[in-house]
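> Next input, structure requested:
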Amino acid sequence: MKIDATGLHYRDLNARVRAAIEAGERELLIENALGQRYIGTGITAPQARIEIFGVPGNDLAAFTDGPRIVVRGNAQDAVGNTMNAGTLVIHGDAGDLLGHSMRGGTIYVKGSAGYRVGIHMKAYGQRFPVVVVGGAVKDYAGEYMAGGLLVVLGQGVPAGEPVAGRYLGTGMHNGEMWVRKPVSAHQLGKEVGQVPIGDAEWETFQTHLAPYCAEFGIDQGQFKREDFVLLRPTSHRPYGTLYVY
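Numbering: from 1, shown residues only. You can find the predicted model right below:
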């Protein structure tokens, strides 16, 4: 089913999407998206496939639980907000708050993303959220992470230049981040530290990297263990001393 979003208010567009899914439609093509918010929000149909041409607005795929959503362009802020399950693929760049409070599912971004990527990401029950950004991210990536995996590959960033901003992992208390070098000590939040990348860690990382590379037709072999820094929290209760209980 094809939906032309030209001139549509975001409520009208989302009403059409929901009606189509509820009627049993499983293949949706949205053309000419131009900032409409909440596309795909709350969809719980794992078989649903939504392809978007244009630039979807804030909170794309918020609270989704299973569908596959592909954006053939850039996306705005808060993509995958509190996402539960499913796959979201962005063939361009994403804005701030990518994966905000994400609880499960996978987000792949071919380009770069903005500030506070992965803020409040958390593993929930059997759910394990994964965010892979192909380019660079800005300050506060992984802020308050409570689980899951955040990867910054640095594709397109000149060699020797940092691919992440400052305050990496500030307040982080679970999960892990893989960031392409160089990563300086002054970039790190006080709650995280670098850990050695052993064979087990590298093999697990490869299982997450493989589908990303397959999605975008990227040579997985170009990524080497020595090119990355693995960051994990140094405490599961970084602010435990601030409270009286």
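
> Quick one: the helices in the chain, in order.
10-22, 199-216 (DSSP state H).

> now the shortest one, how far from the centre of its chain.
Computed by CA atoms, centre = their mean, to the nearest Å, the separation of helix 10-22 from the middle of its chain amounts to 24 Å.

> now M172: how far from Y144?
7 Å (CB to CB, to the nearest Å). Yep, even glycine has a C-beta here, placed from its N, CA and C like the rest.

> err, L153, not the other one
Distance from L153 to Y144, by CB to CB: 23 Å.

> So for L168, which of the helices of the chain sits nearest?
helix 199-216 (17.3 Å; CB to CB).

> Show me what counts as buried in that closest one.
201-202, 205, 209, 212-213, 215 (16 or more other CB atoms under 10 Å).

> same thing with stretch 6-23?
8, 10, 13-14, 16-17, 20-21.

> Same check on stretch 222-235?
Of all the residues in stretch 222-235, those buried under the rule 16+ other CB under 10 Å are 223, 228-233.

> rewinding a little: now that we have the helices of the chain, can you turn them into JSON lines and tack on distance to K110?
Output for the helices of the chain, formatted as JSON lines (distance: least, CB to CB, whole Å):
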{"stretch": "helix 10-22", "distance to K110": "24"}
{"stretch": "helix 199-216", "distance to K110": "5"}
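
> and these as TSV, adding distance to G165 and mean pLDDT?
Formatted as TSV, the helices of the chain follow (distance: least, CB to CB, whole Å; pLDDT from 0 to 100):
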stretch	distance to G165	mean pLDDT
helix 10-22	30	96
helix 199-216	22	97
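
> Residue ranges in this structure under the pLDDT threshold?
Under the criterion pLDDT under 70, the flagged ranges of the chain are 240-245.

> Now do the strands in it.
For the chain, strands defined by DSSP state E occupy the ranges 2-4, 27-34, 49-55, 65-71, 85-90, 106-109, 130-133, 146-152, 174-180, 192-195, 228-233.

> neighbour-wise, which of L153 and Y144 wins?
Neighbours were counted for L153 and for Y144 using other CB atoms under 10 Å; L153 has more, 25 against 22.

> now the more buried one, nearest residue through space, not along the chain?
Nearest residue to L153, sequence neighbours excluded (CB to CB, 6 or more residues apart in numbering): G134, at 5.1 Å.

> Relative to T106, which of the helices of the chain is closest?
helix 199-216 (7.6 Å).
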